[in-house]
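K.L.:
Attaching a predicted model along with its sequence, questions to come.
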Amino acid sequence: MMTLALKMLIGNRASCIGVIFGIFLATLLISQQSAIFLGLVSRSYRLVTDIPAPNIWVVDPATESDEKVRGMPQGYLDVVRSIPNVEWAVPINVMDIPMTTPTGIFHICQLYGIDDATLIGAPTQMVAGDIRDLRREGAVIIDVYSANGLLAKVLPDGTKIPVKIGDSFEINNHHAVVVGICKITQGFYPQPIIFTSYNQFNYFASFSKNSIQFIAAKTRADANVDAVLKQINSYSVLNGLTSDQLKWRIAKSFLKTGILINFGLSVALGIIIGFSITGQIFYVMTLQNLMYYALIKAIGGNQKLISQMITIQVVLVGVIGFLLGTGATMLWGMAIKDTTLAFLFPWQLLLFTGVIVLIICLFTTGLSIHRVVKTDPKALMGS
Amino acid sequence: MDQAAIKCEGIKKSYGEDLIRVDALKGIDLEIYPEKLTLLVGPSGSGKTTLLFIITTILTPDEGKLFLLGQEMSQMSESKKAEFCRKSLGIVFQSLFLIPTLSVVENVSMPLLVAGMPQKEAQDKAMVFLKKMQIDHRSEISPSHLSKGQQQRVAIARALVNDSKIIVCDEPTSALDQAAGLEIMAVLKELALHSGKAVLVVTHDHRIFSFADRIIHINDGQITAGKEHE
């Protein structure tokens, strides 16, 4: 009987495709928009994810993110280093700073200053060059996306010549030389991300001399992280956080921009489309088949059987629509890989989309079953 | 005398209340016997379709008793009644209700599938009945591609497929031309004579009266002629 139920569905080709399209569109909107949103959120805390070595971070209590940061005096680094069970602590500075390419193109880049001695905070994936060259005077490492894009030299015929090692440009009117090209998580804004040593950073950004924005630290292997953080936080001018806590703080600051509402509306639109298109078309299809369900009742079919028939129809269109929608989102993700566009599709998002589609399907099933249950074989009378 | 396949005792049925109350059936006493083709005839609004739906248990009478194959229907629970009807009653509706998205054989096998028979077995059995109705060569196409007469045969095959003892048809010839109508009636007559089934046909088509073993006239909710078993 279930095979016949599916044939009843597939036989009504236009409605069947309409319902699948509804689920597909809902899945696509929900998963794709959420994936872009998550991609952007993950970019907002790239400082933490791209620097895995430390397990605690120390910032000024007023600091919200690498965009909204309040510097600390250099002496605070020694305070952190002196706390028991802190194995090491290094400064990391981040600042948006003007730069000019030799062809005169002006950009605001995000400049990272990392510890000269340990180079903790340096990019972990080099495309060209050696991190140790960062200790040379005026040395910088730039991200590959900017090297091939924003900072590339454009010839009159439109050909782009990527930045290579040895090229130079000006950062805040100071001469800088490219010693390496790295691959990193891109930032939220499409701007060049440049790494230099802590001392060079102070040279490039002369106005922030002797100021530290982030202190990245590692506790000893056997240390209680909470206890260490408690000690750090006993200083009212310091705020100790785990990596996850700092990620969440940056994400919260990012979400204050209203981006959540914008993407939330897109996702809500997907859900509304799912409910309206799928629910409506499937309900109309059920109405078209109402007399046949009445007939099945008249020849002895019970509510359970008819409910199963409707359920299996919705399950089929739901699964096909969900797979097509998810597949399209994954294809989109693959297509924009290594571009400046943000995309992150964790399993939790797959689960979330699946749950929403399930709710849409349950609603659709419930609506149709409710109508069929109310249908009496008497409806066949006089027809 | 054989036991009546269908027996109605004082069946009454009305619709609406107070001023808009319509007494569709005003106490029907009736017996329909196996191996007979019985016609229930009457003008529009005489109550014949209401009686037909009470006999098929789709409607419940306000008063009176209905016996099918000797069993009183009001004594049965809804689920038992559904099961009993599935096994004992074959219905051919006026509008046929053949599902256009299914093939002919799938339409005919539906009562068996509803009863829980495996699909292969059900379709094999459906083919037997399609062969009897001489429509087996069109078993794989949609019923919408068949002529009205062929569709009627498919609907009859669907009513028969459960080996039901009682076959009830609502205006089986109303949409057919004379030749096709006579052909269908010949099939129903054959069923009654050689398969031992009680065949009740509701009609107002006088062209088919000659096929009847018995004609029961109903008018204004009452049997006016043909009550007795002839």
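P.N.:
In hand now; what should we look at?
K.L.:
Just want the residue of chain B that's nearest chain A.
P.N.:
Residue nearest to chain A within chain B: B:Thr101 (2.4 Å; C-beta to the nearest C-beta). The C-beta positions use only the backbone N, C-alpha and C, and glycine is treated the same way.
K.L.:
What number of residues are in the vicinity of that residue?
P.N.:
B:Thr101 has 21 neighbours, counted by other C-beta atoms under 10 Å in any protein chain shown.
K.L.:
and it, that one's in a strand?
P.N.:
No: going by DSSP: H, G, I helix; E, B strand; the rest coil, the assignment for B:Thr101 is coil, not a strand.
K.L.:
residues contacting it?
P.N.:
Counting by C-beta atoms under 8 Å, 6 or more residues apart in numbering or on different chains, B:Thr101 touches A:Lys7, A:Met8, A:Ile10, A:Gly11, A:Asn12, B:Ser142.
K.L.:
hmm, 7 Å instead?
P.N.:
Applying C-beta atoms under 7 Å, 6 or more residues apart in numbering or on different chains to B:Thr101 gives the contacts A:Lys7, A:Met8, A:Gly11, A:Asn12.
K.L.:
can you check A:Pro91 too?
P.N.:
Each residue near A:Pro91 by C-beta under 7 Å, 6+ apart is listed here: A:Leu77, A:Asp115, A:Tyr198, A:Ile212, A:Ile215.
K.L.:
how about the nearest residue to it, chain neighbours excluded?
P.N.:
Spatially, and ignoring its direct neighbours in sequence, A:Pro91 is nearest to A:Ile212 (4.4 Å; C-beta to C-beta, 6 or more residues apart in numbering or on different chains).
K.L.:
The one you found reaches A:Gln74, doesn't it?
P.N.:
Yes: A:Ile212 is within contact range of A:Gln74, at 5.8 Å (criterion: C-beta atoms under 7 Å).
K.L.:
What lies in contact with whichever strand or helix holds A:Val267?
P.N.:
Using DSSP states H and E, A:Val267 falls within helix A:259-273. Contact with helix A:259-273 is made by A:Gly22, A:Leu25, A:Ala26, A:Leu29, A:Ile30, A:Gln33, A:Ser34, A:Phe37, A:Leu40, A:Ile356, as judged by C-beta under 7 Å, 6+ apart.
K.L.:
Those residues: which two are farthest apart?
P.N.:
A:Gly22 and A:Leu40 (27.3 Å; C-beta to C-beta).
K.L.:
Specify the local secondary structure of the residue in the stretch 101-250 of chain A positioned nearest to chain B.
P.N.:
Going by C-beta to the nearest C-beta, chain B is nearest to A:Gln186 of the stretch 101-250 of chain A, at 51.1 Å. Assigned with three-state DSSP, A:Gln186 falls in the coil class.
K.L.:
So B:Lys26 belongs to a strand, correct?
P.N.:
Yes: assessed with three-state DSSP, B:Lys26 lies in a strand.
K.L.:
ok now do it, which residues does it touch?
P.N.:
B:Lys26 makes contacts with B:Lys12, B:Gly221, B:Gln222, as judged by C-beta under 7 Å, 6+ apart.
K.L.:
same thing but at 8 Å, please
P.N.:
For B:Lys26, the contacting residues are B:Lys12, B:Asp220, B:Gly221, B:Gln222, by C-beta under 8 Å, 6+ apart.
K.L.:
Would you mind listing which of the residues you listed are buried?
P.N.:
B:Lys12, B:Gly221, B:Gln222 (16 or more other C-beta atoms under 10 Å in any protein chain shown).
K.L.:
Model confidence for the second one, exactly?
P.N.:
I take that to be B:Gly221. Looking at B:Gly221, its pLDDT reads 85.
K.L.:
residues in contact with it?
P.N.:
B:Asp23, B:Ala24, B:Leu25, B:Lys26, B:Ile28, B:Ser46, B:Gly47.
K.L.:
Compare those residues and tell me which has the most neighbours.
P.N.:
The most crowded member of those, judged by other C-beta under 10 Å, is B:Leu25 (27 neighbours).
K.L.:
Which residues lie in contact with that residue in this structure?
P.N.:
B:Ile11, B:Lys12, B:Lys13, B:Ser14, B:Gly47, B:Thr50, B:Leu51, B:Ile54, B:Pro61, B:Gly221, B:Gln222.
K.L.:
picking that back up, switch the contacts of B:Gly221 over to TSV; also include pLDDT and distance to A:Val372.
P.N.:
Shown next, in TSV, are the contacts of B:Gly221 (pLDDT from 0 to 100; distance: C-beta to C-beta, whole Å):
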residue	pLDDT	distance to A:Val372
B:Asp23	83	32
B:Ala24	82	27
B:Leu25	88	29
B:Lys26	87	34
B:Ile28	88	32
B:Ser46	84	32
B:Gly47	86	29
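K.L.:
related to what we said a few turns ago, if I look at the residue nearest to A:Pro91, what pLDDT would I see?
P.N.:
As predicted, A:Ile212 sits at a pLDDT of 90.
K.L.:
State the phi and psi torsions of it.
P.N.:
Taking degrees, to the nearest 10, you get phi -110, psi 140 for the backbone angles of A:Ile212.
K.L.:
cool, B:Tyr15 as well?
P.N.:
phi -120, psi 150.
K.L.:
Over to B:Asp170?
P.N.:
The phi/psi pair for B:Asp170 (degrees, to the nearest 10) is phi -100, psi 110.
K.L.:
and the closest residue in space to it that isn't next to it in sequence, which of the three is it?
P.N.:
Leaving aside its chain neighbours, B:Asp170 sits nearest to B:Gln94 (4.3 Å; criterion: C-beta to C-beta, 6+ apart). Secondary structure, three-state DSSP: B:Gln94 is coil.
K.L.:
what's the nearest residue to the residue of chain B closest to chain A if we skip its chain neighbours?
P.N.:
B:Thr101 sits nearest to A:Gly11 (C-beta to C-beta, 6+ apart), 2.4 Å away.
K.L.:
Need the pLDDT of that neighbour.
P.N.:
83.
K.L.:
Hmm, it is touching B:Glu106, no?
P.N.:
No: A:Gly11 is not in contact with B:Glu106 according to C-beta atoms under 8 Å; the separation is 10.1 Å.
K.L.:
Look at the two and report which has more neighbours.
P.N.:
Remark: of A:Gly11 and B:Glu106, B:Glu106 carries more neighbours, 24 against 17, as counted by other C-beta under 10 Å.
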